[in-house]
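In: output the structure for:
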Amino acid sequence: MKTREACFRPPFLQLLLIVARPLKKEMAGEECMCIAVVIFVLVPSILLIALSFATLEPIEYALNFNAITVRDEMRVLLPARGGRALACAASVRAPRSALPLSPHPPQMSLENETYSVAGLYFLGFGHWFIRFPRTIQTIEFLATGENSLLHTRTSDGLPLTLGLSFQYRYQPQNLYNLYLAYKGEHHQVYVNTATASIATIASNYSAYTFFNDKQGIAASMQISLNDIFTKQLFASIDALQISQVELPAVFQEAILESISTKQNITRSERYKENMEVTFTTQRMVAQQEANMTVIAARGVANQKLQQANANAQMTEQTVAAEMAAYTGLSRKLTFSSAEGLDYLWWDTLQSSAGRGQADGKEFLVGLDPAAYIRGDRGTRS
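Out: Numbering: from 1, shown residues only. Modelled structure (predicted):
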């Protein structure tokens, strides 16, 4: 029959006694205990210490998970007045073997602190890191990717197939809540949530908008998806890209035709605007040339008018001077009117001859200058 002391021996001490019992015959008791301590205490201790360290990389976040110390609930009856017993629940930390049986399962502990500095950490035996990447993560919905294309409908009821991807990053301050909520299975939750949210957002836009404003729709999807991930999934969306939009073939052909027609209309409008500018420029050039022509004609007319006025003034002055000279000459020489006219006649002929303008003219001495001979009909005066 086992004694009360033997019932409470720890398992590793009982194993130590079993191994050391055969050695008692050949070795003293102290030597046997030393060897047993080295084999069953020192070596496991070194192994436990080595396993108590964990390394954190620069591209990781981590949570400290404790799988050794568990938390269990025990109901303790406390005496109370009136002969009744009060039941209260007490949470204690103790090794699993030392706790009485309880209908409540044990709960492993998780430290509510995010490790973000890279290095070597001493966590303790039975502790390890639950790691999360601190770099940007990508979820893709592609024909050749991990997740297939998204199928939904536009606001006007047309079937729509979308290929897109988005980038997200974890919120380090909320990793504890993320792990408690999803126990490390959050990736599929992210995919399902993104699928439902993107399909809902896509149904708010028409097919024509998808064909012409993919960038604007992608920005709206990013804002809505970031709001959901931030509030519910403890992550933030950095970017979202729509890489593929598939609409019914008939609609795409109609859209392409309408776009081509619009481009032709735009091209014609631009040509019209260019021609209007060209014609306006030509009209301005013609007006400037007309103004130049009018100004040049006015200049020539003014020049001729001024020249004529100058010539008239010179002639007037010359005639006045000659009249004054002839009058003075007639007075001094006492010419009669006829004699004065004869003098003027001969003076004019002399002046013309002196300028070379009297070629071919012959004069008869003693003949009246006013008379000339014409044929056989005689002389006329």
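In: please count neighbours and contacts with C-alpha atoms only from this point.
Out: Will do.
In: any idea how far stretch 191-205 is from the middle of the chain?
Out: Relative to its chain's centre, stretch 191-205 lies at 24 Å (C-alpha atoms, centre = their mean, to the nearest Å).
In: what average pLDDT does it get?
Out: Stretch 191-205 carries an average pLDDT of 95.
In: packing partners of the longest helix seen in the chain?
Out: The helix that spans the most residues within the chain, counting by DSSP state H, is helix 249-333. Helices and strands touching helix 249-333, as assessed by 3 or more C-alpha pairs under 8 Å, 6 or more residues apart in numbering; DSSP states H and E, are absent.
In: pretty sure residue 149 sits against residue 160.
Out: No. Taking contacts as C-alpha atoms under 8 Å, residue 149 lies outside contact range of residue 160: 10.1 Å.
In: domain assignment for this protein?
Out: Taking automatic domain parsing as the domain assignment, the ranges for the chain are 4-50, 54-131, 138-247, 335-380.
In: check what pLDDT the closest residue in space to residue 242 that isn't next to it in sequence gets.
Out: Leaving aside its sequence neighbours, residue 242 sits nearest to residue 164 (C-alpha to C-alpha, 6 or more residues apart in numbering; 4.4 Å). With respect to pLDDT, residue 164 scores 94.
In: the strands in this structure, which residues?
Out: For the chain, applying DSSP state E gives strands covering 53-56, 60-79, 85-94, 107-115, 119-122, 127-133, 137-141, 150-153, 159-170, 235-246, 372-373, 379-380.
In: what about residue 277, how many residues close to it?
Out: If you count neighbours by other C-alpha atoms under 10 Å, residue 277 ends up with 12.
In: how far away is it from residue 291?
Out: Between residue 277 and residue 291 the computed distance is 21 Å (C-alpha to C-alpha, to the nearest Å).
In: likewise for residue 57?
Out: The gap separating residue 57 from residue 291 is 84 Å, by C-alpha to C-alpha.
In: which of these two has more neighbours?
Out: Higher neighbour count among residue 57 and residue 291: residue 57, with 15 against 12, using other C-alpha under 10 Å.
In: tell me who's in contact with the more buried one.
Out: By C-alpha atoms under 8 Å, 6 or more residues apart in numbering, the contact set of residue 57 is 118, 119.
In: for it, grab phi and psi.
Out: Here is the backbone geometry of residue 57 (degrees, to the nearest 10): phi -80, psi 160.
In: perfect, that will be all.
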